[in-house]
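*Asks:* Following is a predicted model, sequence given first.
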Amino acid sequence: MYPPVHLRFFCFPEHQILLIFKNAKYRFIVLYPYMNLLIIGGGIAGTTCAEEFRKLSPDSKITIISDENHPLYSRVLLPHYLLGKIPRERVFLKTEEWYAEQNINLVYNEAVKLDATKKIISAHDDKSFAYDKLLIAGGGKMNRLPISNDKRAHHLQTVEDADKLLSAINERAGGKTEAHIFGGSFIAIDFMKIFSHFNFEINIHIRGTKILSRCFDDDGSAFLLNQLEKNSVQIRTNDPCDTISETADIVGIGIGLKSEFSWARDAGLKVESGILTNEFLETNALDIYAAGDCAEYYDIAVGRQQSAANSRAKT
């Protein structure tokens, strides 16, 4: 649970001042009539920021740089699409028309360099983007294994991953029914649901002895593994996860996420498992913020740094 946040607005002729109260702490944020806001990441964190900021500042320039060639869609809905519960178009939460209506510039590109002094982001095709305020809200990248290059192997993070997986399931011959899953994360659980729905025999490979190790203690994980075995799921613990059985017809890999923000580190931002921020999502660089899976924020509820991506996904 996040702590309560109280907002106060003070209007002046030239600008607004937003006063944020958090558990007796407060911070002033000046909202100018015009600001050039640049957001790296077109996922739920970045798009929500753009949407809410537009309400606060109708005239500001807002640009989202997304490394996926789609408007916002829900990764959570991908398993529902694969299970046939919803059509593919229902996965998408925004349309390109919505961005135009909101006067939000959606750019399909990838950030590769940050100059925090000059306030410029450089992208893959040598384009550059200036900013007054920068929000880094890119999601994590799927961890890969050497076996990820096997033609039977599938990850599940993007809508393209889901399309590829569904195509492989639909194209299988009737006798091919053996699925192997590597990892003990929530994505691995999604793979189990999907393969079970299509009547595959399921084998799970985990490097340690527990599943969902960040969510359950030893007893909880043991109970879950026991329940899976009762449902004819084969569990292979202490597996190096470096080879695929010749009998495997399809493979799912769910071993968590990692943050790939070397360009942020190179620019002087503090990066550990994610980009470090305080409780206000401010990084150590002026006018640069981080949010979503890429952020390792200070959680005042528990008194330590937290990473949403790492708390959800781990082998």
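*Replies:* Thanks, I have it. Numbering: from 1, shown residues only.

*Asks:* Spell out which residues make up each domain of the protein.
*Replies:* Listed domain ranges for the chain are 32-141+258-312, 144-255 (source: automatic domain parsing).

*Asks:* centre of the chain versus the first one, how much separation?
*Replies:* In this view, domain 32-141+258-312 has its centroid 10 Å away from the chain centroid, taken as CA atoms, centre = their mean, to the nearest Å.

*Asks:* what pLDDT, on average, does that domain get?
*Replies:* Domain 32-141+258-312 shows a mean pLDDT of 92.

*Asks:* Turn the domains of the chain into a markdown table, columns for mean neighbour count.
*Replies:* Placement of C-beta: from N, CA and C, glycine included. Converted to a markdown table, those look like this (neighbours: other CB atoms under 10 Å):
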| stretch | mean neighbour count |
| --- | --- |
| domain 32-141+258-312 | 17 |
| domain 144-255 | 17 |
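
*Asks:* confidence score at the residue lying closest to Lys164 once chain neighbours are set aside?
*Replies:* Using CB to CB, 6 or more residues apart in numbering and skipping the chain neighbours, the partner closest in space to Lys164 is His154 (6.4 Å). His154 carries a pLDDT value of 97.

*Asks:* and what of Ser213?
*Replies:* 80.

*Asks:* correct me, but it touches Ser221?
*Replies:* Yes: in this structure Ser213 lies within contact range of Ser221 using CB atoms under 8 Å: 6.5 Å.

*Asks:* Could I get the full set of helices for the protein?
*Replies:* 44-56, 78-82, 96-101, 159-171, 186-197, 218-230, 262-266, 308-312 (DSSP state H).

*Asks:* Same list (those helices) but as CSV, adding distance to Tyr131.
*Replies:* Output for the helices of the chain, formatted as CSV (distance: least, CB to CB, whole Å):
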stretch, distance to Tyr131
helix 44-56, 13
helix 78-82, 31
helix 96-101, 18
helix 159-171, 28
helix 186-197, 33
helix 218-230, 44
helix 262-266, 14
helix 308-312, 24
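
*Asks:* Would you map the strands across the stretch 101-250 of the chain?
*Replies:* 104-108, 111-115, 120-123, 128-130, 133-136, 141-142, 153-154, 178-182, 201-205, 234-236, 250-253 (DSSP state E, counting those that start in this stretch).
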